[in-house]
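**Q** predicted model and sequence follow; I will ask about them next.
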Amino acid sequence: MERRTALKTALLQNYSAENAEKFLSYSLTKEDLAFIQDTAKEVLRKMPPKAFNCTQISAIWAAIIEDHSNIPVSVICGDLHFTDKKIFVCKEPLPGPEAGSVIDGIWDGHCWLEFGGLIADASFFRTVYFGEVPHQFKNLVIQKFGQGHGTIIATPEQMRTNELIYLPKYSLSDIQINGLINGIER
């Protein structure tokens with residue numbers, strides 16, 4: 001399936017058709033990009049440096065963007081491939097919280113943000129640098145990108161050039177995002 005179609009399908013899980021089209025046609029300004037970069041730095045500064053935290057990092061970053069700008073942003077869940085290897089495979093959507101419940105489980109997908117035709121991932125490098133990942137994988141990433149990176153923001157084509165392929169499958173609802181943020185505060 002073409003990536004744009006897959007993204008639109010994911011968006012339609014939580015957006016009206018009209019809002020999905022607005023999302024897909026939004027063009028970022030220089031001010032938008034500066035704001036996005038500043039908020040990414042803020043989120044990474046405030047979140048503990050740990051691996052496999054894509055859901056919470058993506059949720060809090062999206063909420064900040066949504067609350068303080070007019071940039072249409074969505075938390076997308078799906079598969080992530082690097083150098084033609086499947087790194088994360090998303091077989092099912094992230095469970096939605098029920099009132100008063102705590103979800104504490106393992107989920108195999110990956111979350112990132114999309115806005116203005118860009119993919120933004122603030123957790124990939126943390127997982128590589130701080131996670132128990134295969135040594136060969138870690139070395140490949142460091143060889144390709146270097147040490148000390150926080151966020152990667154690029155078009156799908158630029159990601160592909162860097163051998164990263166993000167395959168959208170689901171989008172998170174506001175209820176899911178708020179549940180993840182509430183989990184950060186515990």
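**A** It's in. Given the structure is predicted, the values throughout are model-derived calculations rather than measurements.
**Q** return the residues in contact with Thr127.
**A** Residues in contact with Thr127 (CB atoms under 8 Å, 6 or more residues apart in numbering) are 51-54, 133. For the C-beta atoms, the positions are set from N, CA and C on the backbone; glycine is no exception.
**Q** selection in PyMOL covering whichever of these are buried, please.
**A** Those of the contacts of Thr127 that count as buried under 16 or more other CB atoms under 10 Å are selected in PyMOL with:
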select buried, resi 52+53+54
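**Q** tabulate the contacts of Thr127 (JSON lines), appending distance to Leu44.
**A** Shown next, in JSON lines, are the contacts of Thr127 (distance: CB to CB, whole Å):
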{"residue": "Ala51", "distance to Leu44": "13"}
{"residue": "Phe52", "distance to Leu44": "15"}
{"residue": "Asn53", "distance to Leu44": "11"}
{"residue": "Cys54", "distance to Leu44": "13"}
{"residue": "Val133", "distance to Leu44": "19"}
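**Q** pLDDT of the lengthiest helix in the chain, averaged?
**A** Looking across the chain with DSSP state H, the single longest helix is helix 30-46. Throughout helix 30-46, pLDDT has a mean value of 96.
**Q** any buried residues in whichever helix or strand comes after that helix, and which?
**A** For helix 30-46, the following helix or strand on the C-terminal side (DSSP states H and E) is helix 54-68. Burial within helix 54-68, assessed by neighbour count using 16+ other CB under 10 Å, is assigned to 54-66.
**Q** could you dump these to TSV with pLDDT and distance to Phe82?
**A** Below are the buried residues of helix 54-68 laid out as TSV (pLDDT from 0 to 100; distance: CB to CB, whole Å):
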residue	pLDDT	distance to Phe82
Cys54	92	14
Thr55	91	19
Gln56	92	22
Ile57	95	18
Ser58	96	18
Ala59	94	23
Ile60	95	24
Trp61	97	21
Ala62	97	23
Ala63	96	27
Ile64	97	27
Ile65	97	25
Glu66	95	28
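**Q** possible to save the residues you listed as CSV with distance to Leu172?
**A** Shown next, in CSV, are the buried residues of helix 54-68 (distance: CB to CB, whole Å):
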residue, distance to Leu172
Cys54, 11
Thr55, 8
Gln56, 11
Ile57, 13
Ser58, 8
Ala59, 7
Ile60, 12
Trp61, 12
Ala62, 8
Ala63, 11
Ile64, 15
Ile65, 13
Glu66, 12
